[in-house]
Structures are given as structure tokens and as C-alpha cells.
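>>> take this sequence and fold it.
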Amino acid sequence: MTDMNMMGKMTFYEERNFMGRSYECMNDMSDISSYMSRCHSCRVERGCFMVYDRTNYMGNQHFMRRGEYADYMSMFNWSDSIRSCRMIPMHRGSYRMRIYERENFGGQMHEMMDDCDNIMDRYRMNNFMSCNVMDGHWLMYEQPNYRGRMMYMRPGEYRNFQQMMGGMGSMGNMRFMSIRRINDSFY
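From the prediction side, this is the model:
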């Protein structure tokens, strides 16, 4: 696979059904309004992206892979348009994440290397408050079986989910119940 094919490419359209002005994106964009006043449909030609309903990668998030989204607002039940997006780089290699029962890596710890459709069933944890993503890119979901609102996690330390999500509106009280790796099957 060439480097060009590994890069993401997404085209935003001002109106539903790919109408109106468009803007092509191949990297992270913290504020789409710098390029267009609104975005109501999009096409992902290559790669995967996380889109957000607020600027600076805040607010509700949705994962988008290759495909056409003629009216994503209805699909995702959003009342506002996409305001920012983050390209998710393709990861080749191992996946590793540690989840912790309490903030600042306290309490019970479990190391994950694969998907988990139900944190409670597997680890007997009804919630976790911090994590350390060592390898790979992950999606965390608020419900078991990879359902509900989600959050994108890239390599790094996440010491306090409640504090981190406090600026994300309704996501501030979210609990994560399932976790999935973003691997080749998404591309």
C-alpha cells in the first residue's frame, strides 16, 4: 500500500446530499468554519476520521470510515453540523491499553490488547476513570457491544475522564462499557 493510499481523504459539503460548496480534507481540522460556514454531508474516500460537533475536537463524536454520508445529522441524531475532525492514522502493529478504576491511574488495573464488548462482564468493573494507551488507536463506547456515544483514544495518558470530558457538554457524565481497536478491518 502506498503512502498516499494510507492517508485519509474526506470531502465536506455545505448542504445535504453532497450539494453546495465543498472542501477536501486530508488531515486534522480544529475549526471547519474557517473553510465553510456549515457542513451537512460528507464523503470519506480513504481512511478513517473522527468528527465532532464542536470546534477543537470537542463535543459529541462520531467515527467515520470510507463511505457516503448524505445526511449524517439524521444518522447520528445531531442537531448541529460537523465543526472539527481528526484523521485517524492507520496503525500496524500491536495494540495495548491499560484501564484503571480511578483517576490518575489508581485502583484496579487491567491491560487490554484486544476488543472488549463488555467491560463489566470481563473485568468486573462497572466503570473506569483513567487509562494509558500505549499502542494503537481505540474507540470507547458508553454501552456494551460497541453501542452508544463513543470517544476516540490515541496513544497517550488520560488521567481523568470526568475532567477531560467536562468541556464536552453531555459527554461529561459518560461511562465507558466497551472498547474496540481501530484496525485494518475499518479501512
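>>> the residue nearest in space to the middle of the chain in helix, strand or coil?
With distances taken as C-alpha atoms, centre = their mean, residue 152 lies nearest the centre of the chain, 3.2 Å away. Here residue 152 takes the strand state, with states given by DSSP: H, G, I helix; E, B strand; the rest coil.
>>> sketch out the low-pLDDT regions of the chain for me.
Counting by pLDDT under 70, the chain contains low-confidence residues at 1-6, 73-74, 76, 79, 165-173.
>>> which residues of it fall in strands?
9-15, 19-25, 41-46, 48-54, 58-64, 67-69, 84-88, 96-102, 106-112, 130-135, 138-143, 147-153, 156-158, 178-181 (DSSP state E).
>>> how distant is the first one from the center of its chain?
Looking back up the chat, that one is strand 9-15. 18 Å (C-alpha atoms, centre = their mean, to the nearest Å).
>>> given that strand, what are its sheet partners and their directions?
strand 19-25 (antiparallel), strand 41-46 (antiparallel) (DSSP bridges).
>>> how close does the residue lying closest to residue 87 once chain neighbours are set aside get to residue 65?
Spatial nearest neighbour of residue 87, chain neighbours left out: residue 8 (4.2 Å); criterion: C-beta to C-beta, 6 or more residues apart in numbering. C-betas here are computed from N, CA, C, even on glycine. Plainly put, residue 8 is 10 Å away from residue 65 if you go by C-beta to C-beta, to the nearest Å.
>>> so what sits against both of these two?
Common contacts of residue 8 and residue 65, defined by C-beta atoms under 8 Å, 6 or more residues apart in numbering, comprise 44, 47-48.
>>> which residues are in contact with residue 72?
40-42, 51, 62, 64, 78, 82.
>>> my guess is residue 23 contacts residue 34. True?
No. In this structure, residue 23 is not within contact of residue 34 by C-beta atoms under 8 Å, at 9.5 Å.
>>> more neighbours: those two, which one.
Using other C-beta atoms under 10 Å as the criterion, residue 23 and residue 34 rank with residue 23 on top: 16 against 9.
>>> and the closest residue to residue 78 other than its chain neighbours, how far is that from residue 146?
Nearest residue to residue 78 in three dimensions, chain neighbours excluded: residue 53, at 5.5 Å (C-beta to C-beta, 6+ apart). As judged by C-beta to C-beta, residue 53 and residue 146 stand 20 Å apart.
>>> the two: which is more packed in?
Neighbour totals were compared for residue 53 and residue 146, and residue 53 leads with 20 against 17 (other C-beta under 10 Å).
>>> tell me how far that one lies from residue 60.
Distance from residue 53 to residue 60, by C-beta to C-beta: 5 Å.
>>> okay, and the common contacts of those two?
Taking C-beta under 8 Å, 6+ apart as the contact rule, residue 53 and residue 60 both touch residue 78.
>>> nothing else from me, thank you.
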